[in-house]
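Enquirer: how does the following fold in three dimensions:
(chains A and B)
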Amino acid sequence: MSNTASKSGNKARTIDIVYAGLRKRKAAERRFQLYGKLAIGLGLLFLSLLFGSIVANGYTAFVQTYMQIEVYIDPDRIDPEGKREVKELSRADYGGLVKATLRDMFPEVQSRREKRQLYRLVSTGASYQIREQVLQNPDLIGQKISLWVPADDEIDMLMKGHIDRKSAEEDRRVKDNQIAWVDRLLSEGRIEKRFNTIFFTAGDSRDPELAGIWGAASGSFFTLIVTLLLSFPIGVAAAVYLEEFAPRNKFTDLIEVNINNLAAVPSIVFGLLGLAVFINFFGMPRSAPIVGGLVLTLMTLPTIIIASRAALKSVPPSIREAALGIGASPMQTVIYHVLPLAMPGMLTGTIIGMAQALGESAPLLMIGMVAFIVDIPQGAFDPSTVLPVQIYLWADSPERAFVERTSAAIMVLLGFLITMNALAVMLRKRFERRW
Amino acid sequence: MSTRQILASVGLAGALSAAVITGAHAASARDHISIVGSSTVYPFATVVVEQFGKTTSFKTPKVESTGSGGGLKLFCAGVGVQHPDITNASRRIKSSEVKMCEKNGVKGIIEVKIGYDGIAIANSKKATQFKLSRKDIFLALALKIPGPDGKLINNPHKTWKDVNPSLPNTKIEVLGPPPTSGTRDAFNELAMGGGAKKIADLKKLRGLAQGSPEIKTLMEKLGIPMSVYTAYEQKKGKAPKGKDIFKQAAYAIREDGAFIEAGENDNLIVQKLEANPNALGVFGFSFLDQNLDKVQGSIVDGVAPSFDTIADNTYPISRPLFFYVKKAHVGVIPGMAEYLAEFTSDKAWGDEGYLSERGLIPMPTAERAKFAKDAKNLTSLMMK
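Expert: Below you'll find the predicted structure:
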């Protein structure tokens, strides 16, 4: 009381000081918030630049130039003996059919050099397409069939404007006469851009127009399944024991420190470990998703254990006490009361760990998953590659058409990552309980 | 989340695992060819592999890009399905590697030369084309070059004009492959070594036989410390040849920022050259061939890199490419002989074959016939 009385004389002065400084304080407040907004703005700017450049580079890969050709399935070329044997038919020279068709379409092309340029209009995939059709339906032999086949990657680049028509001829991979042929086909309506189904259904290829991500996506799927099946149960079991049952002593402290440490170890180290243990010691196959999954399990386990322990910690002790109080055993308490409440948090951690594993390529380098694989893997023991590795391999290819495919593959990978992270957010929003 | 939901998710996981395991075959017998090795041969091998997979009943072989040295190491690790069957190399196998192979039981190795690759030294089309000699390249990029008194000094050159007055007055800035790359090995040997040979003392040093007393006198004259000699003796257990000392002097590339290691990704080098017209880049000919609208190859010793100049061996920086086959695996892994036949067929590696379209420079007909015959008869490699 006496204190206020003694200060009451100074009251006017205090308020003056407050008023005098108020402006400055409010300005400081605004500045502080502005810094935060600037930081977010800068982040968004970089993000939009990144996404913008990827989308701008890659959206054209979702369409592909197709060409219509009328192929006469010449029995003399395909099946001279007329036996219709599958073995003979599968080995026949379908490339020759395509070439003959092109020669028929442009009879004025005579010189050897020009003919070679003419053959380059159509993808080598055309002959595989005809082969497949003939094998499915041998009755086609002797008939003329009309087909839409993918154009060569360079023609595709020309159609999409990635090759400048106006530059000097020797600087271009598509020559003047090829452009003239393409223009003629265009005016006849025999060239069309269509949705690029090959990109989503094929495995890798050295011809950009035949390359797809399905092989890599399947490889990623098998690798992640192995990772999930191993890391989730092991991670949860470890977290439950450490959090609910383990005594607190130096030994468990040591384990905790090590788990936190492992979460920060560069992923390539796990790759080296995988090479030494799984491939060299256990003799598992190189380039197989099973080994990739094992390596990524080692990498994601710390993340999952840490997230799961945090989820268990957030379950209030009163739940445990109540369960124990009405006679549940410690195991029953954990299984029926603690785990269900902690599960959303654990799943969120697991999904984030899986997303991390999906985007990882460095550890897979050591175990041979950075490889050219055409066949689509059918199981966890088949050689395969994964999406980020596919991106790396395409980025390293000389053909220009791989540039847009690289960006398109990045978009697909980003799509998967966004889906997984959105799922994690959704799970948390839907099931999370606050106390 | 209720207990039932947990049980359901566990059940789902179990079902998925069953799916994975039923999809898995026993890995004991491999039914596809496994290929490792050079990143330079990779773009060619993958084309053959794809063609092979699509036109035969065999599975498509698997190709890993591990670098020439890494590939040979894996290849020589032993015989058996867990080891690769074929390794690609952008240089010839070394006798030390043959010994390592033999030690691990890999006895019969079939050598197949597939063609040539040129190394281009290119810059952006926006700048003027460089006319270099190999000596210019050596004087611009070597760690140590002969000073006025003939002794080796740290490379003082800052601009190309310092190296040779006829060259432009721009900073020396060369983007090239890292030492793990076969392209770098070949660049060292052909461009740097080729340039160093134009310097009389270094050339003389290169020609000296093992144990020649002149080696030490020349080293003194050039100002190379004797520790280089003794270190070699200690490491290899024998006295060096003149050539061994020459390599150490000629192949060392400066580390003061004039030569920038740009990684194995040649596309990246092309992009960087486009952005920086003053820089030069070192990469394989196939990348030059695909990007002629963006970059131009420098003229080296009066010859511009092109398909024809590399094929007739007038362009000085070109090298042969190889692959090596494990004889013990032929007949064990399905499709080996057929793969060899595909690669060595005229429609693949011939003058008008599909590999030449990708930038591989074909060998002369007689040489092709020799290697095709070796591959057919599975003739083992003999090291001299």
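Enquirer: mean confidence for the helix or strand harbouring A:Tyr19?
Expert: Per DSSP states H and E: A:Tyr19 is located in helix A:11-58. Here helix A:11-58 scores 91 as its mean pLDDT.
Enquirer: tell me what that helix is packed against?
Expert: helix A:401-431 (3 or more CB pairs under 8 Å, 6 or more residues apart in numbering or on different chains; DSSP states H and E). C-beta here means a position set from N, CA and C on the backbone, and glycine is covered the same way.
Enquirer: quick one: the helix it packs on near chain B?
Expert: Yes - using CB under 8 Å from any CB of the partner chain, helix A:401-431 comes into contact with chain B via A:403, A:431.
Enquirer: what residues does the stretch 201-350 of chain B have near chain A?
Expert: Residues of the stretch 201-350 of chain B lying near chain A (CB under 8 Å from any CB): B:264-267, B:286-287, B:289-293.
Enquirer: which residues of the stretch 1-150 of chain B fall in strands?
Expert: B:34-37, B:62-64, B:86-89, B:109-124, B:131-132, B:144-146 (DSSP state E, counting those that start in this stretch).
Enquirer: now do B:Met226 against B:Glu233, distance only.
Expert: 10 Å (CB to CB, to the nearest Å).
Enquirer: what about the stretch 1-150 of chain B, any weak spots by pLDDT?
Expert: B:1-28 (pLDDT under 70).
Enquirer: please enumerate the helices of it.
Expert: In the stretch 1-150 of chain B, the segments counted as helices under DSSP state H, counting those that start in this stretch are B:3-23, B:42-55, B:68-75, B:95-103, B:134-141.
Enquirer: between the helix or strand following the helix holding A:Tyr19 and helix A:401-431, how big is the angle?
Expert: Per DSSP H and E, the first helix or strand lying C-terminal to helix A:11-58 is strand A:63-72. Relative orientation of strand A:63-72 and helix A:401-431, computed by axes from the mean of the first three to the mean of the last three CA atoms, to 10 degrees: 120 degrees.
Enquirer: show me what strand A:63-72 packs onto, helices and strands only.
Expert: Counting by 3+ CB pairs under 8 Å, 6+ apart, strand A:63-72 packs on helix A:94-105, strand A:144-150, helix A:153-159, strand A:191-195.
Enquirer: now chain A against chain B: closest residue?
Expert: A:Gly379 (2.9 Å; CB to the nearest CB).
Enquirer: pLDDT value on that residue, please?
Expert: Reported pLDDT for A:Gly379: 90.
Enquirer: I'd say it and A:Gly219 touch.
Expert: No - under the criterion of CB atoms under 8 Å, A:Gly379 makes no contact with A:Gly219, lying 10.8 Å away.
Enquirer: the more surrounded of those two?
Expert: Taking other CB atoms under 10 Å in any protein chain shown, A:Gly379 and A:Gly219 do not tie; A:Gly219 has more neighbours (30 against 18).
Enquirer: if I look at A:Lys26, how far off is A:Val18?
Expert: 12 Å.
Enquirer: next: A:Arg309.
Expert: Distance from A:Arg309 to A:Val18, by CB to CB: 48 Å.
Enquirer: what about those two, which has more around it?
Expert: A:Arg309 (23 against 10).
Enquirer: surely the more buried one touches A:Tyr241?
Expert: No - with contact defined as CB under 8 Å, A:Arg309 does not count as touching A:Tyr241 (10.3 Å).
Enquirer: quick one: name whatever helix or strand follows the one helix or strand B:Arg319 maps to.
Expert: Using DSSP H and E, B:Arg319 sits within strand B:318-326. Next helix or strand after strand B:318-326 toward the C-terminus (DSSP H and E): helix B:336-343.
Enquirer: what does that following helix contact?
Expert: B:33, B:48-49, B:51-52, B:56, B:58, B:61, B:85-86, B:110, B:112, B:114, B:323, B:325, B:329-331, B:348-349, B:375-376 (CB atoms under 8 Å, 6 or more residues apart in numbering or on different chains).
Enquirer: and the helix or strand where B:Ala348 lies, what's its mean pLDDT?
Expert: B:Ala348 is part of helix B:346-349 when elements are defined by DSSP H and E. Helix B:346-349 carries an average pLDDT of 88.
Enquirer: by contact count, what packs against the helix or strand following that helix?
Expert: Beyond helix B:346-349 in the direction of the C-terminus, DSSP H and E gives the next helix or strand as helix B:354-357. The contact analysis (3+ CB pairs under 8 Å, 6+ apart) places helix B:354-357 against helix B:42-55, helix B:346-349.
Enquirer: now helix B:354-357: buried residues?
Expert: By 16 or more other CB atoms under 10 Å in any protein chain shown, the buried positions in helix B:354-357 come out as B:354-356.
Enquirer: what do you get for stretch A:221-239?
Expert: Buried-residue list, stretch A:221-239, by 16+ other CB under 10 Å: A:221-232, A:235-236, A:238-239.
Enquirer: ditto for stretch B:164-179
Expert: B:167, B:170, B:172-177.
Enquirer: stretch B:315-331 now?
Expert: For stretch B:315-331, by 16+ other CB under 10 Å, it's B:315-330.
Enquirer: just stretch B:53-60 next, same as before
Expert: Buried, per 16+ other CB under 10 Å, within stretch B:53-60: B:53-56, B:58-60.
Enquirer: just the residues you listed that are near chain A?
Expert: Near chain A, by the rule CB under 8 Å from any CB, you find B:53-55, B:59-60 out of those.
Enquirer: which of these sit farthest apart?
Expert: Pairwise distances across these peak at 12.8 Å for B:Thr55 and B:Lys59 (criterion: CB to CB).
Enquirer: neighbours of A:Ile255, just the number please.
Expert: 14.
Enquirer: low pLDDT regions in chain A?
Expert: Checking chain A against pLDDT under 70 turns up A:1-11, A:434-435.
Enquirer: that one - how does it break down into domains?
Expert: A:2-59, A:61-204, A:214-431 (automatic domain parsing).
Enquirer: most tightly packed of the ones you listed?
Expert: domain A:214-431 (a mean of 19; mean count of other CB atoms under 10 Å in any protein chain shown).
Enquirer: next one: that domain to chain centre, how far?
Expert: Between the centre of domain A:214-431 and the centre of its chain there are 15 Å (CA atoms, centre = their mean, to the nearest Å).
Enquirer: now do the end-to-end distance for that domain.
Expert: 34 Å (CA to CA, to the nearest Å).
Enquirer: other SSEs contacting the strand holding B:Arg319?
Expert: helix B:68-75, strand B:86-89, strand B:109-124, helix B:336-343.
Enquirer: outside of the first one itself, list whatever touches it.
Expert: So the one you mean is helix B:68-75. B:36-38, B:40, B:64, B:66, B:83-84, B:86-91, B:93, B:97, B:100-101, B:106, B:180, B:182, B:185, B:324, B:326.
Enquirer: could I get the buried residues of stretch B:164-179 in CSV, plus columns for distance to B:Phe343 and secondary structure?
Expert: Listed next are the buried residues of stretch B:164-179 as CSV, based on distance: CB to CB, whole Å; DSSP: H, G, I helix; E, B strand; the rest coil:
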residue, distance to B:Phe343, secondary structure
B:Leu167, 42, coil
B:Thr170, 43, coil
B:Ile172, 40, coil
B:Glu173, 39, coil
B:Val174, 34, strand
B:Leu175, 32, strand
B:Gly176, 29, strand
B:Pro177, 25, coil
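Enquirer: from these, which one has the minimum pLDDT?
Expert: Out of those, that is B:Pro177, at 86.
Enquirer: contacts only, for that one.
Expert: B:183-184, B:187, B:261-264, B:266, B:282-283.
Enquirer: pull the most distant pair out of those.
Expert: Longest span within those, CB to CB: B:Phe187 and B:Gly263, 14.8 Å.
Enquirer: now B:Ile253. Its backbone dihedrals?
Expert: Backbone torsions of B:Ile253, given as degrees, to the nearest 10, read phi -100, psi 140.
Enquirer: and the pLDDT for it?
Expert: 91.
Enquirer: from chain A, how far off is it?
Expert: 23 Å (CB to the nearest CB, to the nearest Å).
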